[in-house]
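# here is my input; please provide its structure:
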Amino acid sequence: MDLKGKDIAVLGAGIVGLSTALSLQEEFPMANITVFADKFNEETLSSGAGGIFRPDINVHGDEERVRTWCKDSLSHFMDIIKSSNSSQAGIQLISGYHLSSLFPYLENKLVEDILPDWRNLNEKDLKLFPVEFKGGQFYTSPVVDCRYYLPWMKTKFEENGGKIIKKHIFTFEEIPDIYCMIVNCTGLGAKSLLQDNMLVPIRGQTIKVKAPWIKHFYYSDDVYIIPGVDYVTLGGVKDYGSWNMKVNKYQQEFIRNTSIELIPSLKNAEVLYDWVGLRPFRPNVRVDAAFVPHHDSYRLIVNNYGHGGHGVALSWGTAQEAKRIVKKILMKQDFPLSKL
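Numbers count the residues shown, from 1 in each chain. Okay, here's the model as predicted:
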């Protein structure tokens with residue numbers, strides 16, 4: 001589709017915003033695409049994520065839609081891993097354990113359907129750990145280190161002619177009329193931007209440690225341990241509705257002690273820093289089109305936000321759907337429309 005000279009605005013520069021901007025560039029190479037954001041790279045929520053591709057069907061009521069999002073994201077990450085860009089993008093394949101002290105079998109249909117090498121854990125596997133578990137799964141999945149992936153995407157976007165404007169957007173009316181389309185990827189910022197009361201923060205807290213001997217990821221009932229490129233993330237906390245951005249010392253101690261209980265060698269890990277972030281949770285991830293007030297009329301925008309703790313796993317998939325909605329709108333075809 002030829003959009004030569006047309007202007008498209010993407011709001012937000014986290015993993016969802018930059019994925020969307022790149023997807024639009026691929027679809028409309030002749031268009032002028034601009035990213036508006038007040039935070040980039042390590043300033044964003046995405047930068048602190050553990051980054052594992054861990055699909056979850058419960059992010060939206062439409063299971064097939066979620067399946068498509070996850071498959072598209074997985075395919076994208078695998079293409080990068082197979083290319084020469086893998087180390088620059090900070091993406092690697094890592095195997096690991098999802099453990100349960102409650103259930104002898106864990107069931108995750110998405111893991112079982114789209115990750116080819118998953119298996120249920122046996123008694124020999126479970127005896128590897130000093131903590132008693134009843135069951136779990138072992139599988140291999142991409143881990144995306146956003147401290148590398150975000151700058152890599154931003155650089156790629158700018159090299160392809162994309163424009164960056166550092167600006168906090170308070171209202172859609174701040175976006176000039178020259179933009180024929182706005183794609184809203186503001187995460188938690190959409191709560192005030194759209195008055196979306198379904199969007200709430202889920203506070204997360206992690207510890208970044210230096211432990212290069214950790215080669216697998218571990219998910220238990222209480223903590224997760226995920227190796228990145230040059231650090232290991234110990235987490236995590238899910239404080240529903242909390243806006244507190246300060247490090248909680250009790251939670252810090254709990255994460256560290258419980259991680260060491262699971263993997264004792266972490267006692268020797270050097271603590272690099274603590275991190276706190278607010279996940280943008282919504283009962284259903286929002287990818288749709290909607291009218292918003294604009295001067296004395298209305299303006300049609302596309303939304304892509306509310307990923308909660310699944311931003312990495314869904315990022316490229318929801319970006320692809322947002323791109324398809326933009327294309328249908330500009331071609332004046334039918335598209336999913338919601339009311340604010």
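
# how about low-confidence regions in this structure?
Flagging of the chain using pLDDT under 70 yields the residue ranges 1-3, 333-340.

# mind listing what residue 260 touches?
266-267 (CB atoms under 8 Å, 6 or more residues apart in numbering). (Glycine included, C-beta is placed from N, CA and C.)

# what about the strands in the stretch 101-250 of the chain?
Counting by DSSP state E, counting those that start in this stretch, the stretch 101-250 of the chain has strands at residues 119-120, 135-144, 163-166, 179-184, 200-210, 217-219, 224-227, 232-235, 239-240.

# adding distance to residue 88, write those strands out as TSV.
Converted to TSV, these look like this (distance: least, CB to CB, whole Å):
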stretch	distance to residue 88
strand 119-120	32
strand 135-144	13
strand 163-166	19
strand 179-184	26
strand 200-210	21
strand 217-219	22
strand 224-227	18
strand 232-235	20
strand 239-240	34
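
# quick one, which of those is nearest to residue 299?
strand 179-184 (7.3 Å; CB to CB).

# please save the CA atoms from that closest one in CSV.
Extracted in CSV, the C-alpha atoms of strand 179-184 (Å, rounded to 0.1, in the frame of the first residue of the first chain):
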residue,chain,number,x,y,z
TYR,A,179,-0.8,12.8,11.1
CYS,A,180,-3.4,10.7,9.3
MET,A,181,-3.2,8.0,12.0
ILE,A,182,-2.3,7.8,15.7
VAL,A,183,-1.4,4.5,17.3
ASN,A,184,-1.6,4.6,21.1
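
# go through it and flag the buried ones.
By neighbour count with 16 or more other CB atoms under 10 Å, strand 179-184 contains the buried residues 179-184.

# likewise stretch 66-83?
So, applying 16+ other CB under 10 Å, buried residues of stretch 66-83: 66-67, 69-74, 76-77, 80.

# same thing with stretch 237-252?
Within stretch 237-252, the residues scored as buried using 16+ other CB under 10 Å are 237, 239, 242, 248, 251-252.

# columns distance to residue 269 on top of those, output as TSV?
Listed next are those as TSV, based on distance: CB to CB, whole Å:
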residue	distance to residue 269
237	19
239	24
242	27
248	20
251	18
252	14
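
# just to revisit the earlier point, could you identify the most distant pair in the buried residues of strand 179-184?
Among the buried residues of strand 179-184, 180 and 184 lie farthest apart (CB to CB), at 14.9 Å.

# so for residue 18, which of the strands of the stretch 101-250 of the chain sits nearest?
Per CB to CB, nearest to residue 18 of the strands of the stretch 101-250 of the chain: strand 163-166, 10.1 Å.

# which residues touch stretch 184-193?
10-12, 14, 16-17, 20, 45, 169-172, 194, 196-197, 199-201, 278-280, 286, 301-307, 311, 322.

# distance between it and the chain's centre?
Between the centre of stretch 184-193 and the centre of its chain there are 15 Å (CA atoms, centre = their mean, to the nearest Å).

# list the buried ones in it?
For stretch 184-193, the neighbour count (16+ other CB under 10 Å) marks 184-191, 193 as buried.

# using TSV, lay out those residues together with distance to residue 37.
Output for those, formatted as TSV (distance: CB to CB, whole Å):
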residue	distance to residue 37
184	12
185	9
186	8
187	10
188	13
189	9
190	13
191	16
193	13
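
# farthest pair within these?
Within the buried residues of stretch 184-193, two members stand farthest from each other by CB to CB: 185 and 191, at 13.7 Å.

# dump the residue contacts of the residue lying closest to residue 206 once chain neighbours are set aside.
Leaving aside its chain neighbours, residue 206 sits nearest to residue 235 (4.0 Å; criterion: CB to CB, 6 or more residues apart in numbering). By CB under 8 Å, 6+ apart, residue 235 lies in contact with 50, 204-207, 223-224, 226, 255.

# nothing else from me, thank you.
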